[in-house]
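Trainee: Provided below are the primary sequence and the corresponding predicted coordinates.
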Amino acid sequence: MNLDLNNLALFLRVAELGKIARAGEEFGFSSTNTSQRIRQLESEVGVSLFHRSTRVVTLTHDGEVFLEHARRILDDVEEAMMVFRGDAKSVQGKLRISVSSSYGRLYIVPFIPEFTRRYPELEIEIDFSDGLVDVVEQGFDVAFRIGELQSSSLLARKVSDNPALLVASPAYLEEHGVPESPEDLKRHVCLPFGNLRQWQFKDESGKTHSVTVKGPVSLNWGDAISDLVEAGVGIGKAYYWHAGPSLKAGRVVRVLPDYTLSPHTSIWAVRPQGRLVPARLKVFLAFIQAVIARTNEERYGDLLPPAPAPEGG
C-alpha cells in the first residue's frame, strides 16, 4: 500500500466539512478529481469511508475508525518536518508533562513564561504528582523522575545531577553540637524521609559508612522536612535544589561537609519509546536542561558540590 498524504489530508477535511466538493476546492481540486481521490483512498484501505447523499457525506463506522489513524499519520509526518525546520512557530500541539510538586514548583513552573514566549503556538499541560505515574497509559509526553531509575521500556535523558546533603539550622547545632562523623548522628535528632532511616555516606577515601538514624518525626514530603529543619527540630537530608536557597541565605548550614551522601542520583526526563522525538518535546527538553544548568550556576555557584567520580574510575 502506498497512501498519498494529500488524499489523507483531503479525507480529513471532507470528514470535517461533510462536503466533498467544498473540501476539494480548498486543495485546488475539481469536484471530479476530489471524488476520484476519495475513491482511490477507499480502494487502497479496502473499505467504504463515507455514506454519500446528494447533499452531504458522513463517515461510515470504518471511516470513523480510519479517521484517527489518518490523523496520527499526518501528525507524525508534521512532527518530523518540524524537527528539521526548527521554526518556533511550527512547534504546535499540546505538551503533557508530569513532575513532582516540589520540583515542578521550583524548577519547571518558573521557566514556563520564557518557554511560552518562545513557542506561542504550543499548549502546555502540567500534572503535579508525587507518585509514580504511568507515562504511556496516562498519555504524558515526558515525566521527570528523581533518583535511581527503575527498569522500564521508557527512554531516559539525564537533565542534571541531583546531589544530596545533610542540613541543620544554626540554632539546632548551637544547642546540640556539630556532628563530626556519621556515627555521631546516632546521638542527634534526625528527620528521615518516610521509612528511609538508613543513611549512607562515603568519606574522602571512598570508604562507605552506614548509620541508622532516629527522630520523633518522619515525613514523606521534602517541603515539610525543610520547614522542620529551619525551625531547629533536627538534621535533615535534602537534595541540593531543595535546600540550596536556604543554604545560601544562611537559614541552614551543611552537616558533615567532608562526607558525600550515597547513592549519588540524577534527575531524569523519561518518555515513551518512539521512532521520533516530537518537535514540541525536543525543544522543551533542550530548553529545560539548559535553563536548569544556568539557574543552578546563577543561584548557587560555588556552593554546588561536584559530581562524584564513577565507581571504579
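Mentor: Yep, it's here.
Trainee: any low-confidence regions in the chain?
Mentor: Low-confidence segments of the chain, defined by pLDDT under 70: 1, 78-90, 151, 274-276, 301-313.
Trainee: can you pull out the strands in the stretch 101-250 of the chain?
Mentor: 122-128, 142-147, 155-162, 164-168, 190-191, 198-202, 208-212, 235-239 (DSSP state E, counting those that start in this stretch).
Trainee: give me the neighbour count for residue 210.
Mentor: By other Cβ atoms under 10 Å, 10 other residues sit near residue 210. In short, each C-beta sits where N, CA and C put it, glycine included.
Trainee: excluding chain neighbours, what is closest to it?
Mentor: Of all residues not flanking residue 210 in the chain, residue 200 sits nearest, at 5.0 Å (Cβ to Cβ, 6 or more residues apart in numbering).
Trainee: so who does that neighbour touch?
Mentor: Residue 200 sits next to 208, 209, 210, 261, 262, 263 when contact means Cβ atoms under 8 Å, 6 or more residues apart in numbering.
Trainee: and the nearest residue to residue 143 once chain neighbours are set aside, what is it in contact with?
Mentor: Distance criterion Cβ to Cβ, 6+ apart; nearest residue to residue 143, sequence neighbours excluded, is residue 98 at 3.9 Å. Going by Cβ under 8 Å, 6+ apart, residue 98 touches 126, 127, 129, 133, 135, 138, 140, 142, 143, 144.
Trainee: ditto for residue 168
Mentor: Listed by Cβ under 8 Å, 6+ apart, the contact set of residue 168 reads 229, 234, 235, 236, 252, 253, 255.
Trainee: name the nearest of those relative to residue 31.
Mentor: Nearest to residue 31 among these: residue 236, at 73.2 Å, using Cβ to Cβ.
Trainee: correct me if wrong: that closest one contacts residue 230.
Mentor: No - Residue 236 lies out of contact with residue 230 (Cβ atoms under 8 Å); the separation is 9.2 Å.
Trainee: before we move on, the earlier item: ok, which of the strands of the stretch 101-250 of the chain comes nearest residue 8?
Mentor: Closest of those to residue 8 is strand 122-128, at 23.8 Å (criterion: Cβ to Cβ).
Trainee: tally of neighbours for residue 148?
Mentor: Neighbour count for residue 148, taken as other Cβ under 10 Å: 10.
Trainee: not counting sequence-adjacent ones, nearest residue to it?
Mentor: residue 265 (5.9 Å).
Trainee: how near is residue 112 to residue 288?
Mentor: Distance of residue 112 to residue 288, given as Cβ to Cβ, to the nearest Å: 10 Å.
Trainee: more neighbours: which of the two?
Mentor: Taking other Cβ under 10 Å, residue 112 and residue 288 do not tie; residue 288 has more neighbours (21 against 14).
Trainee: I'd like the distance between that one and residue 281.
Mentor: Where residue 281 is concerned, residue 288 sits at a distance of 10 Å (Cβ to Cβ).
Trainee: cool, and residue 165?
Mentor: Distance from residue 165 to residue 281, counting by Cβ to Cβ: 32 Å.
Trainee: got it, and residue 236?
Mentor: According to Cβ to Cβ, residue 236 stands 35 Å off from residue 281.
Trainee: who's more crowded, those two?
Mentor: residue 236 (30 against 22).
Trainee: what's the distance between the residue nearest to residue 126 when sequence neighbours are not counted and residue 103?
Mentor: Using Cβ to Cβ, 6+ apart and skipping the chain neighbours, the partner closest in space to residue 126 is residue 97 (4.8 Å). Distance of residue 97 to residue 103, computed by Cβ to Cβ: 11 Å.
Trainee: the stretch 101-250 of the chain: helices as residue ranges?
Mentor: Under the criterion DSSP state H, counting those that start in this stretch, the stretch 101-250 of the chain contains helices at 101-107, 112-118, 170-176, 222-230, 240-249.
Trainee: any idea which element residue 287 lies in?
Mentor: Following DSSP states H and E, one finds residue 287 within helix 279-300.
Trainee: counting by contacts, list what that helix packs against.
Mentor: On a contact count with 3 or more Cβ pairs under 8 Å, 6 or more residues apart in numbering; DSSP states H and E, helix 279-300 meets helix 61-85, strand 93-99, helix 112-118, strand 142-147, strand 155-162, helix 240-249, strand 265-271.
Trainee: quick one: that helix to strand 142-147, angle?
Mentor: Per axes from the mean of the first three to the mean of the last three Cα atoms, to 10 degrees, the angle that helix 279-300 makes with strand 142-147 is 40 degrees.
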